[in-house]
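A.B. asks: sequence-free structure coming up:
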């Protein structure tokens with residue numbers, strides 16, 4: 001095993017491995033820094049990502065009790081014009097869904113096949129009847145299809161971990177998979193959230209998949225971290241010149257057309273303070 005003993009698996013690093021094992025190796029094992037752009041319109045790309053981060057913070061403040069009027073002032077003053085529309089769409093469509101106990105920016109950890117997992121939720125909503133709803137806010141230009149979202153590591157990991165954590169959220173009562181759903185809300189399409197229901201079959205499938213994936217990564221040797229065969233992804237990888245797979249970055253338009261998503265770097269979290277659930 002070449003990973004450090006305290007390595008924590010997240011949706012971001014597991015998705016990196018699925019997309020390209022060698023990128024995982026460079027980023028998380030060697031911690032290689034490489035001065036390359038993700039897309040050619042670097043400034044627009046960076047500004048979009050920063051605006052998405054600011055939008056998440058506005059939603060977080062609202063959910064924690066800051067008045068909508070105060071947040072609207074911040075949205076109106078934001079340098080990214082689209083953020084005002086994002087906030088207006090959120091305020092128009094989302095609050096009626098938020099009936100229940102709210103856990104905002106909630107991190108949970110669990111152990112699977114001896115490895116530690118982390119999921120951090122934009123919002124966990126605990127409804128009176130015991131249903132658990134995961135909300136995730138997205139600011140991507142183009143929503144992913146339901147089929148794509150169901151295959152994403154984020155969906156698989158987040159639903160599985162919250163199911164295992166349900167006794168902590170439901171006064172020591174375990175939820176059934178059918179009581180859990182995940183809602184992706186895209187700020188660019190505020191009227192059409194994507195609802196993903198859960199089932200025992202989904203849980204069994206995802207647990208088997210994630211257990212195999214985590215074990216594969218944890219037990220991999222250097223020669224096992226192969227470069228992806230999907231060269232389209234290389235155009236948007238900062239390591240492309242390192243791998244001799246091109247020098248020029250792809251376009252922002254192509255990035256959107258291929259339904260790629262902005263990186264969501266894991267935030268610094270004190271893992272020692274997190275509750276842990278054994279699988």
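C.D. replies: Thanks, I have the structure now. Note that this is a predicted model, so its numbers are computed, not measured. Residues are numbered from 1 along each chain as shown.
A.B. asks: make it CA atoms for all contacts and neighbour counts henceforth
C.D. replies: OK.
A.B. asks: quick one, strands of the protein?
C.D. replies: With DSSP state E as the criterion, the chain has strands at 8-9, 101-112, 115-126, 132-138, 180-186, 194-197, 276-278.
A.B. asks: Distance from the shortest one to the middle of the chain?
C.D. replies: Pointing back at strand 8-9 there. 14 Å (CA atoms, centre = their mean, to the nearest Å).
A.B. asks: of all the strands of the chain, which lies closest to residue 48?
C.D. replies: For the strands of the chain, proximity to residue 48 was assessed by CA to CA; strand 132-138 is nearest, at 11.7 Å.
A.B. asks: Partner strands of the closest one and their direction?
C.D. replies: Strands that pair with strand 132-138, judged by DSSP bridges, come out as strand 115-126 (antiparallel), strand 180-186 (parallel).
A.B. asks: what sits up against the first one?
C.D. replies: Applying CA atoms under 8 Å, 6 or more residues apart in numbering, the set of residues contacting strand 115-126 from outside is 7-11, 60, 98-111, 132-137, 157-158, 161, 169-170, 214.
A.B. asks: Narrow those residues to those that are buried.
C.D. replies: 8-11, 60, 98, 100, 102-104, 107-111, 132-137, 157-158, 161, 169-170, 214 (16 or more other CA atoms under 10 Å).
A.B. asks: what stretches of the stretch 151-279 of the chain score poorly on pLDDT?
C.D. replies: 246-279 (pLDDT under 70).
A.B. asks: Can you get me a residue count around residue 206?
C.D. replies: By the criterion of other CA atoms under 10 Å, residue 206 has 20 neighbours.
A.B. asks: for the closest residue to it other than its chain neighbours, what are its contacts?
C.D. replies: Excluding its sequence neighbours, the residue lying closest to residue 206 (CA to CA, 6 or more residues apart in numbering) is residue 156, at 5.8 Å. Contact partners of residue 156, counting by CA under 8 Å, 6+ apart, are 150, 206, 210.
A.B. asks: if you set the cut-off to 10 Å instead, what comes out?
C.D. replies: 11, 149-150, 198, 202-203, 205-207, 209-210 (CA atoms under 10 Å, 6 or more residues apart in numbering).
A.B. asks: repeat for residue 66
C.D. replies: 58-60.
A.B. asks: Can you add distance to residue 179 and pLDDT and give those back as a markdown table?
C.D. replies: Listed next are the contacts of residue 66 as a markdown table, based on distance: CA to CA, whole Å; pLDDT from 0 to 100:
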| residue | distance to residue 179 | pLDDT |
| --- | --- | --- |
| 58 | 28 | 96 |
| 59 | 25 | 97 |
| 60 | 24 | 96 |
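A.B. asks: In helices only, show me these.
C.D. replies: Counting by DSSP state H, the part of those found in helices is 58-60.
A.B. asks: Now flag whichever of the contacts of residue 66 is closest to residue 26.
C.D. replies: Using CA to CA, these come closest to residue 26 at residue 60, 32.8 Å.
A.B. asks: these two touch, right, that closest one and residue 105?
C.D. replies: Yes: counting by CA atoms under 10 Å, residue 60 touches residue 105, with 7.4 Å between them.
A.B. asks: Before I go, just wanted to say thanks for your time.
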